[in-house]
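Enquirer: got a predicted model here, sequence first, then my questions.
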Amino acid sequence: MARVLCTSITSSNWCVSWLRPRLPHSVSSPPPNPVRPLSLSPKRLSTFIAMTGSGAGPLKEMPLGLDPTTEEEYASQSKLFQEFINISNIDKAWIIKSDCGKGSKAVFSISQPNLLANKKRKFILSAHTSKESDNYVNFQWAPFPVELTGVSTIVPSPSGSKLLIVRNPENESPTQFEIWGPSQLEKEFHIPQSVHGSVYAEGWFEGISWNANETLIAYVAEEPSPSKPTFGGLGYKKGGLTDKDCGSWKGQGDWVEDWGETYAGKRQPALFVININSGEVRAVEGITKSLSVGQVVWAPSTKGVHQYLIFVGWSSDPRKLGIKYCYNRACALYAIRAPFQDSEVGESELKGNAAEDYSMVSLTQSISSAFYPRFSPDGKFLVFLSAKSSVDSGAHSATDSLHRIDWPTDGKLCTSAQIVDVVPVVMCAEDNCFPGLYCSSFLRSPWLSDGCTMILSSYWRSTEVILSVNVLSGNVSRISTAESNFSWNVLTLDGDSIVAVCSSPIDVPQIKYGCLVEKEATSTAWTWLDVSSPISRPSEKVRSLLSSLQFSIMKIPVKGVSDSLTKGASKPFEAIFVSSNSKKNDACDPLIVMLHGGPHSVSLSSFSKSLAFLSSIGYSLLIVNYRGSLGFGEEALQSLPGKVGSQDVNDVLTAIDHVIEMGLANPSKITVLGGSHGGFLTTHLIGQAPDKFVAAAVRNPVCNLALMVGTTDIPDWCYVEAYGSEKKPSFTEAPSAEHLTHLHGMSPISHLPKVKTPTLFLLGAQDLRVPVSNGLQYARALREKGVEVKVIVFPHDVHGIERPQSDFESFLNIGVWFKKYCK
Ligand SMILES: CC(=O)N[C@@H](C)C(=O)N[C@@H](C)C(=O)O
């Protein structure tokens, strides 16, 4: 559910020569003059190369479709890039309290891309922790991490005495559940496809929850496959057949809509409970068929009353639209009776047995969005996050709000429970004040020992910060340090202490330990201790390159403020500027203008391996958080829909002028890079400001909304962004000619005749969000008019282009492409 463009990658070792045969999808088209293409037969297109200059001599086909100088650059950059991608990522952490009460065990889940296998390598590393004094915490690390292979997710039980490991199948095999004790595997269950498919281990529907007794686990998994028609020599076979039948085949049956990008082919998420003593799995009954479920948690148990499960439900009515990155899909919290009872209470002793006890109860009817349900430790209230601003406006992501409902201590649920606003949506973010909530996850157990303070991470302008929120008073405090402009993310709590990770564009992630310091009865303060850790240690070379860089967050005043703008939309936006700290004859490094997608997303000041790599090879970066980005209040965000391609384009041009005026950028060496909506901005910029950029690179760019509206999983997005939340005609699957004309007019393709900038296209062939046709159509049109174009299509990648080899090849090509035009 990340709300930020993911640009980080890691890897293991491999050699450059191995890369060569892996570029068959690369197509280079020549610069307008002078040009001598080698061969244009479709088969040879992939290695098609043009040599420029009169003294080039006989044409020679280079292995990468590159000239010798560029190939040299390719080899040297790829060597350095590997050193960056080797840095490991810290993904999650858990604290397990030790029995003797002295210190705790911290378990970290770490990952590193395995380039050769083109997979993410996951491992865990643990440490014994003890707080030695007010300003020292000791982490004694295990000597080596342990690799987890074939593991989809791990979930420790609440006491930390058991660990669930789920292994999802890659084919039609059963899903494997393992229950581990402190020293051995205790139980192993194989759940056949006839019961359910893969467990949802990430994204919106992820939810695995141990009950308090640690005997039952509730979880979300794909429904079993629907039956398919069977055909044989004599036609349709009534009643189907067994797998052993020969001379017959299974048909496809009816097409079923899925949740779009990254959910392609995944079946309906449904709720199950496993009893880990018996291994019995039961589907939870009583949930409306059209509801997709996720994020299940156990309700507190009440003596003598059936126990409930709380879950989030998304309706497929009238149809499922893409849900990845989309907070605007209406959802609600529901309660449903759990299928097993705690072993201590017999079924017959429980009150009520009527059929209606099995039907689900909607708990949040009066609000359009409710998710991340969390019970307070005493079970007296249920807190949840809401994206109602997003659902109500149609913007795919917007400012969140936090809410509370009191939980009935007698176990009698009602649909009209009062929803209390804990943290409302912030409309206009005043200078240096809380800009509102923007959360992409909640901890499983986010509570301090007072039972009413939650610790969470949220975007605050161009940084991510850690907040404490008192859910009774609504008091919000920023508790991570503000001075450094680093970004912070909470990993887990250790009692009233916090294990967090912080980083910056030029500082690799570091683990921090936050301790609550009582100042006075009414106010508290936090101190953050350094934790020395073996994780995320870069090579000597990378360390030295990073130490030669600096960064700042710039405030950029809005140009052309008018009365029609809200106050929040008239306030400065921000850009992160990364540059070398060594002055070389006062000459500026070439600049990469980097633009996030969404458009309601944000570029944070956290470490990104690919961006750090680009800064290390001699580029300054200007990472623009134009108005419409998350983290700046709702008015600034809502100022963009209806004005895409103009307001956001002008903000980027204003930011570029700002750094040129400050003498930080050379106007003749500016390049631009963006993915998705960031690619929409990039292609708009090279059309609207054709003399500004020497080169451009785009990842799955939106170039033609009129084409996208008929092919994407989020056609509603095209309407909201092109017309605005208020003026948008109601979204229809059959756009009128008038709509298509408007969508075309708002798109980069309408400025195509002016484009001159050489452009690199990185496209995922399996992208359902901005289908490959968008980038290909624009690239072909540029080539048709003689603009230099290079296209790399990754046949197995989706919108994110995050598979390790594809991400590596993308950023390597970006570095090389920009070098070519920034000499
Ligand atoms: C909502 C959405 O997916 N919009 C796309 C056009 C987009 O820009 N996606 C962002 C999230 C991205 O960075 O890919």
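Expert: It's in. Residues are numbered from 1 along each chain as shown.

Enquirer: hey, let's count contacts and neighbours off CA atoms from now on
Expert: OK.

Enquirer: strands of the stretch 1-150 of the chain, residue ranges please.
Expert: Using DSSP state E, counting those that start in this stretch, the strands found in the stretch 1-150 of the chain span residues 26-28, 89-97, 104-114, 119-133, 136-141, 146-148.

Enquirer: please enumerate the helices of the stretch 401-550 of the chain.
Expert: For the stretch 401-550 of the chain, the helices defined by DSSP state H, counting those that start in this stretch occupy 540-547.

Enquirer: tell me the residue of it that sits nearest the ligand?
Expert: At 12.6 Å from the ligand, residue 440 is the closest residue in the stretch 401-550 of the chain, using C-alpha to the nearest ligand atom.

Enquirer: so that residue makes contact with residue 489?
Expert: No - counting by C-alpha atoms under 8 Å, residue 440 stays clear of residue 489, with 10.7 Å between them.

Enquirer: more neighbours: which of the two?
Expert: residue 489 (22 against 16; other C-alpha atoms under 10 Å).

Enquirer: for the more buried one, give me its contacts.
Expert: Listed by C-alpha atoms under 8 Å, 6 or more residues apart in numbering, the contact set of residue 489 reads 457, 464-466, 500-502.

Enquirer: most neighbours out of the residues you listed, which is it?
Expert: Counting neighbours by other C-alpha under 10 Å, residue 464 comes out on top of the contacts of residue 489 with 27 neighbours.

Enquirer: contact partners for it?
Expert: Here residue 464 is in contact with 457-458, 486-489, 604-606 (C-alpha under 8 Å, 6+ apart).

Enquirer: for the residue in the stretch 351-500 of the chain that the ligand sits nearest to, grab the count of nearby residues.
Expert: Nearest to the ligand, among the residues of the stretch 351-500 of the chain, is residue 396, at 5.4 Å (C-alpha to the nearest ligand atom). Here the number of neighbours of residue 396 (other C-alpha under 10 Å) works out to 25.

Enquirer: now it: how far from residue 303?
Expert: Distance, residue 396 to residue 303, by C-alpha to C-alpha, to the nearest Å: 42 Å.

Enquirer: who in the stretch 201-350 of the chain is up against the ligand?
Expert: Within the stretch 201-350 of the chain, the residues that sit near the ligand (C-alpha under 6 Å from any ligand atom) are 325-326.

Enquirer: where does pLDDT dip in the stretch 201-350 of the chain?
Expert: Low-confidence segments of the stretch 201-350 of the chain, defined by pLDDT under 70: 240-245, 342-350.

Enquirer: among the strands of the stretch 1-150 of the chain, which is nearest residue 758?
Expert: Proximity to residue 758 (C-alpha to C-alpha) singles out strand 26-28 among those, at 10.7 Å.

Enquirer: neighbours of the closest residue to residue 524 other than its chain neighbours, just the number please.
Expert: Once flanking residues are discounted, residue 524 sits nearest to residue 518: 5.0 Å by C-alpha to C-alpha, 6 or more residues apart in numbering. Using other C-alpha under 10 Å, residue 518 has 11 neighbouring residues.

Enquirer: my guess is residue 518 contacts residue 527, does it?
Expert: No - the criterion here is C-alpha under 8 Å, and residue 518 misses it with residue 527 at 10.6 Å.

Enquirer: hang on, residue 332 in a helix?
Expert: No - counting by DSSP: H, G, I helix; E, B strand; the rest coil, one finds residue 332 to be strand, located in no helix.

Enquirer: and the residue nearest to it when sequence neighbours are not counted, how many residues sit next to it?
Expert: Leaving aside its chain neighbours, residue 332 sits nearest to residue 370 (4.8 Å; criterion: C-alpha to C-alpha, 6+ apart). Residue 370 has 26 neighbours, counted by other C-alpha under 10 Å.
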